[in-house]
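A.B. asks: please work out how this folds:
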Amino acid sequence: MKLLNKTIRSYLVYSFIILLVTVPLFYFVVRSVLLRATDHSLKTQLADIRSNLSSIHSQDELITWSRLDKDISLAPATRAFRDHIYTTYRQNRRRGDQDPYREISGVIEVEGNLYEIIIRSSLVENEDLLGSIVLVQTILLVLLMAGILWINQKISKNIWKPFYNTLNKIQKYELNKSANIDLPASTINEFNELNKALRNLFNRNYEIYLQQKEFTENAAHEMQTPLAIFQSKLDLLMQTQSLTEDQAELIHDLESTNRRLIRLNKSLLLLAKIENGQFPVNEEVNIAQLTQKIIDQSKFHADQYSISIKSGSEDPSIIKANSSMLEIMVGNLVSNAVRHNRRGGQVQVDIHQNTLRISNTGVESPLPDKVFDRFHKLSNGTEMGEGTGLGLAIVSKICSIYHYTLGYRYENKQHAFTVAF
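C.D. replies: From the prediction side, this is the model:
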């Protein structure tokens, strides 16, 4: 979830709680105020009636007077009691339902006789007024909260815009292509401090990257001549006639180790060239023909260990790239499938819908996630020869440059590497 959405969601939850609490609270407060006003009016009417009883001199006059107001009821009382107010419901003959009323009941004395007097006031108007007030208040509250959320969202977007711009710049930044990262300035001090810290971080990382890159290039170049001289000396030494069997075996081990060092040196130089962009020329390449060429070159090595290589292609798959880099990529994948196989194993190479898939038998367990890292090798080597640990790293680098999708899966006891062009 985005930070902005999480902030707005918190405001939304808070607003919903406030709405849920304030609307019922407002309803009961307004209802209480209206009831108190009605009760005060009923008490005032009863007090006025008692103060005017001196003008009534008989029971007939009292009954006649009570009939003049339909909201006043009069009945004989056997004893005196305190005034009390209550809510009741009466049948509405016109609508057929019951209406709420607020009533006050008290005792009056006329010519020495006690009478119970009930004065009532309809609450229908109060309920309608209360409903209208609550509805208007709810609408205003909802509009207010919606406006606050909308304003907050707009303000938050403007506030966090420099952050998202910085994040976008970081996501597009490539260490091997640019020394400086252009981070936009902001009117917010915290974001400016963040950009400053990021610039320093990227600058330090770029300096370290250049140092590592320079060391790798220099070391690889400097190693070429000594390795070549060492190999030539070993070749001359192996042609010596007076070597014993132990000496010949020792020289052979040295020669194998030196050849591995030469391959490693060439791989490091190749990686350096790829990272430096020294393969700029792109051309149309028939990936099916190039793959078949690599397969033909690899069959001699595969036949030595009874490994069969099968291929299939359903379309020509013409892509635009540097042919040398594609040849290196496919060659490393095929040689990796042969090297990390078992005697009598299989390698299947297929091209379908601009996707190259190379699967092979071998170790009956999935490879670790670091399979494309530099100098990562299988812990359980095979008899087909030991690699440099850079083959798949070179493949990953080439795919990264051309934005190909490189994948690995272990299924049906086979290791499958795919490249989607």
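
A.B. asks: element containing Ile181?
C.D. replies: Element membership for Ile181, per DSSP states H and E: none, as it lies in no helix or strand.

A.B. asks: check the burial of it by counting its neighbours.
C.D. replies: Using other C-beta atoms under 10 Å as the criterion, Ile181 is surrounded by 19 other residues. (Each C-beta comes from the backbone N, C-alpha and C, glycine too.)

A.B. asks: before we move on, what about Asp48?
C.D. replies: Per other C-beta under 10 Å, the neighbour tally for Asp48 reads 9.

A.B. asks: same question, Leu326
C.D. replies: The burial count for Leu326: 24, using other C-beta under 10 Å.

A.B. asks: residues touching the strand or helix carrying it, excluding its own?
C.D. replies: If you go by DSSP H and E, Leu326 is part of helix 323-339. Contacts of helix 323-339 from elsewhere in the structure, counted by C-beta atoms under 8 Å, 6 or more residues apart in numbering, are 270, 274, 279, 283, 285, 287, 290-291, 293-295, 297-298, 301-302, 305, 307, 309, 319, 347, 349, 356, 358-360, 382, 384-385, 387, 391-392, 394-395, 398-399, 401-402, 415, 417, 419.

A.B. asks: pull out the buried members of those.
C.D. replies: Listed as buried from the contacts of helix 323-339 are 270, 274, 279, 285, 287, 290-291, 294-295, 298, 301-302, 305, 307, 309, 319, 347, 349, 356, 358-360, 382, 384, 387, 391-392, 394-395, 398-399, 401-402, 415, 417, 419; burial here means 16 or more other C-beta atoms under 10 Å.

A.B. asks: can you list which of those are found in strands?
C.D. replies: Among those, the ones falling in strands (DSSP state E) are 285, 309, 319, 347, 349, 356, 358-360, 415, 417, 419.

A.B. asks: with pLDDT and distance to Ala185 as extra columns, can I get those residues in JSON lines?
C.D. replies: As requested, these are arranged in JSON lines below (pLDDT from 0 to 100; distance: C-beta to C-beta, whole Å):
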{"residue": "Val285", "pLDDT": "86", "distance to Ala185": "45"}
{"residue": "Ile309", "pLDDT": "90", "distance to Ala185": "58"}
{"residue": "Ile319", "pLDDT": "85", "distance to Ala185": "42"}
{"residue": "Val347", "pLDDT": "92", "distance to Ala185": "56"}
{"residue": "Val349", "pLDDT": "91", "distance to Ala185": "53"}
{"residue": "Leu356", "pLDDT": "91", "distance to Ala185": "46"}
{"residue": "Ile358", "pLDDT": "92", "distance to Ala185": "49"}
{"residue": "Ser359", "pLDDT": "92", "distance to Ala185": "52"}
{"residue": "Asn360", "pLDDT": "92", "distance to Ala185": "54"}
{"residue": "His415", "pLDDT": "91", "distance to Ala185": "50"}
{"residue": "Phe417", "pLDDT": "93", "distance to Ala185": "45"}
{"residue": "Val419", "pLDDT": "92", "distance to Ala185": "42"}
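
A.B. asks: what's the most distant pair in the residues you listed?
C.D. replies: Val285 and His415 (25.5 Å; C-beta to C-beta).

A.B. asks: how about Phe41, nearest residue that isn't a chain neighbour?
C.D. replies: Heads up, residue 41 is Ser, not Phe. Taking C-beta to C-beta, 6 or more residues apart in numbering as the measure, Ser41 lies nearest to Ser121, with 6.5 Å between them; neighbours along the chain are not counted.

A.B. asks: which residues of the chain fall in helices?
C.D. replies: Residue ranges of the helices in the chain, as given by DSSP state H, are 3-51, 59-67, 124-172, 189-238, 245-275, 287-303, 323-339, 391-402.

A.B. asks: between the ones in strands among the buried ones among the contacts of helix 323-339, which sits nearest Tyr27?
C.D. replies: Minimum separation from Tyr27 among those (C-beta to C-beta) is found for Val419, which lies at 67.7 Å.

A.B. asks: how much space separates that closest one from Leu141?
C.D. replies: 59 Å (C-beta to C-beta, to the nearest Å).

A.B. asks: Tyr89 too?
C.D. replies: For Tyr89, the distance to Leu141 (C-beta to C-beta) stands at 31 Å.

A.B. asks: quick one on the thing from earlier: report the distance from the helix holding Leu326 to the chain centre.
C.D. replies: Put simply, helix 323-339 sits 36 Å off its chain's centre (C-alpha atoms, centre = their mean, to the nearest Å).
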